[in-house]
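Novice: only geometry, no sequence info:
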């Protein structure tokens, strides 16, 4: 069993600290189940005719619904054949890729199966129930943070089901893959009339999108269209913070306007839409040397006056033969204008539009003849070259900044044109790791190499030569014994100085395809000493809560590209349930599994879910010591055998130490 050997008491204490920190909440991606999600998006679009709006208004502004604030407790039961649940091996491969399978039955308030209900997972439509009320969705449980670090969102996800005129249900679900049944309950209504912001006249046919947030989490989105009199209604909603975006010909809210929808009653509003304004300007001279006018366009990106500017809208249009452009745009505090050539920016600037409501003319925009940047990157093979991203950032003489992006071609060369004149820096990235810049370009002089930039002159081509990385770049894949890529595995390389001292030189995480890349960090170890200790590098590959393995490799002293491919054994899975003294699920505990040989090596960890269940993969058929932390108490369980099947651990039976 891999892992560094420590006294189990020290490991237990360290894990308590680590698990108490929780997990990072990240941006989601979702996979729809083909058999149920084809019509899911269209099912979410409602048509709010006059009778629907009138019915909502007729109920009054303040009717109460005792069950409006309740969240349904998920029912977890054995899988039924109608859900077409896959076998355990298929589920394991699915979860190794950062995904999970959820499914169940949606029932109407009277207990009957509800066909045609829409199911959301963390705010995205993933399924529609069939005529038996059944649904199933293969979803991603990987979220992305701003720094592009990927992690499992293990703490839970919002799952919601809804059918108009029937009801809604919303629950908090946790991994692993499981069946979850949902019981719909009557919800609340958010309705009103769309009107002109200035004169209050109704705006017929406006398109509306409503989002509900609960505890700062986006739960679900719904869409509808106002009738000819501007009336609209969203029914069967849960309470929370409501945000509504609207648009109609010549009108746009430019973002989501917030409303308080947390009082447990229906809400009726007058939703005011502002007219768009006209954004004008002219590029001079036009045409400009080096820019193909037939491939050029202008784009405006506006900030929202609502929702703290998080919404950004883009509007594009052509450029006239005299360089003039004119774009209708929503009312905004500021906007970014860009001159695009083949969708890459050639010129960019931000303007303070100060929520102008009629027209805004930016005047004449002077342009200089275009420049070109070329070069080649030294990569080990065609497969690697095809994955390397190239980013160019240019500071223009007037203090503006323009950024363009691309990839190497099959030969490893790159070409960017047209570019604005100015000082340019170039970065090369593989995966999420920057692996080189212009510091190691052969076509630069001393000052350019020291400052890592080149000067692009108007109307000229600059060749930066061959760019190489001087660091050691590790890259490769992690797969299981069946050859399936293992997503989000952690990798760590350590260099051993003696039996008890190690220096960490490299760490990375695999992506959704099981690939990793990164630079060796020699700042934490003496480089000369590292060269002397070639062959003493140890790699640890671990999957959070599942498996951990160690590998020995040669420690290259001068290679700039080193490929490592790892194969992880599947091992035995420990499944269990932790219950308290009364037999109720213990759902707030952290689980630590230690080797049962007395040495105390950590074998894995997990947290109990709402039903008290936990799961730890990558074990061997052996006896283990299990420690549970929760409710300010520690419970010890001896001689637990995962190969014997699921176990139930009762706190009343725990060993006291």
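Specialist: In hand now; what should we look at? As the structure is a prediction and not an experimental result, all values here were calculated from the model.
Novice: for this protein, where's the lowest mean pLDDT among helices and strands?
Specialist: Across the helices and strands of the chain, mean pLDDT, DSSP states H and E gives its lowest value to strand 27-28, namely a mean of 27.
Novice: so what strands line up beside the strand or helix carrying residue 136?
Specialist: Using DSSP states H and E, residue 136 falls within strand 134-140. Looking at strand 134-140 with DSSP bridges, its partner strands are strand 99-107 (antiparallel).
Novice: Measure how far the partner strand is from the centre of its chain, please.
Specialist: Centroid separation for strand 99-107 versus its chain: 21 Å, with CA atoms, centre = their mean, to the nearest Å.
Novice: got the contact list for that strand?
Specialist: With contacts defined as CB atoms under 8 Å, 6 or more residues apart in numbering, strand 99-107 is touched by 31, 75, 83, 85-86, 91, 94, 113-114, 117, 119, 121, 127, 129, 132-142, 159, 161, 163, 169, 173, 175-184. Quick note: C-beta positions are derived from backbone N, CA and C, even for glycine.
Novice: Try it again at 7 Å.
Specialist: 31, 83, 86, 91, 94, 113-114, 117, 129, 133-141, 159, 161, 173, 175-184 (CB atoms under 7 Å, 6 or more residues apart in numbering).
Novice: Surely residue 459 is in contact with residue 368?
Specialist: No. Residue 459 lies out of contact with residue 368 (CB atoms under 7 Å); the separation is 8.4 Å.
Novice: neighbour-wise, which of the two wins?
Specialist: residue 368 (19 against 13; other CB atoms under 10 Å).
Novice: Helices along this structure, start to end?
Specialist: Assigned by DSSP state H, the chain shows helices spanning 8-20, 34-37, 40-44, 50-58, 88-96, 382-385, 446-451, 527-532.
Novice: Report the mean per-residue pLDDT for the last one.
Specialist: What it means is helix 527-532. Averaging pLDDT along helix 527-532 gives 52.
Novice: same question, the longest one
Specialist: Averaged across helix 8-20, pLDDT comes to 36.
Novice: One more: stretch 92-110?
Specialist: Averaging pLDDT along stretch 92-110 yields 84.
Novice: give the contact list for residue 506.
Specialist: Contacts of residue 506 by CB under 7 Å, 6+ apart are 474, 493, 518, 520, 521.
Novice: mind checking how far it is from residue 259?
Specialist: For residue 506, the distance to residue 259 (CB to CB, to the nearest Å) stands at 50 Å.
Novice: what do you get for residue 195?
Specialist: In this view, residue 195 and residue 259 are 15 Å apart by CB to CB.
Novice: Determine the number of other residues adjacent to residue 174.
Specialist: Residues lying near residue 174 (other CB under 10 Å) number 21.
Novice: how much space between the nearest residue to it once chain neighbours are set aside and residue 616?
Specialist: Excluding the flanking residues, the one nearest residue 174 by CB to CB, 6 or more residues apart in numbering is residue 609, at 4.2 Å. Residue 609 sits at a distance of 13 Å from residue 616 (criterion: CB to CB).
Novice: quick one, what contacts the closest residue to residue 350 other than its chain neighbours?
Specialist: Closest residue in space to residue 350, ignoring its immediate chain neighbours: residue 336 at 4.9 Å, by CB to CB, 6+ apart. If you count contacts by CB under 7 Å, 6+ apart, residue 336 has them with 301, 348, 350.
Novice: what about 8 Å?
Specialist: Counted by CB under 8 Å, 6+ apart, residue 336 has contacts 300, 301, 348, 349, 350, 351.
Novice: which of those residues count as buried?
Specialist: Buried members of the contacts of residue 336, counted by 16 or more other CB atoms under 10 Å: 300, 301, 348, 349, 351.
Novice: The first one contacts residue 312, doesn't it?
Specialist: No. Shown here, residue 300 and residue 312 do not form a contact pair, counting by CB atoms under 8 Å, at 10.4 Å.
Novice: Show me what residue 124 is bridged to.
Specialist: Counting by DSSP bridges, residue 124 is bridged to residue 121.
Novice: mind checking pLDDT for it?
Specialist: Note on residue 124: pLDDT of 85.
Novice: The buried ones among the contacts of residue 336 into CSV, with extra columns for distance to residue 425 and pLDDT?
Specialist: Shown next, in CSV, are the buried ones among the contacts of residue 336 (distance: CB to CB, whole Å; pLDDT from 0 to 100):
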residue, distance to residue 425, pLDDT
300, 27, 95
301, 23, 94
348, 16, 95
349, 20, 94
351, 26, 94
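Novice: If we only consider those residues, which is nearest to residue 627?
Specialist: For the buried ones among the contacts of residue 336, the residue nearest residue 627 by CB to CB is residue 301; the value is 52.7 Å.
Novice: quick one, what contacts the closest one?
Specialist: Neighbouring residues of residue 301 by CB under 8 Å, 6+ apart: 312, 313, 314, 335, 336, 338.
Novice: Give me the subset of those lying in strands.
Specialist: 312, 313, 314, 335, 336, 338 (DSSP state E).
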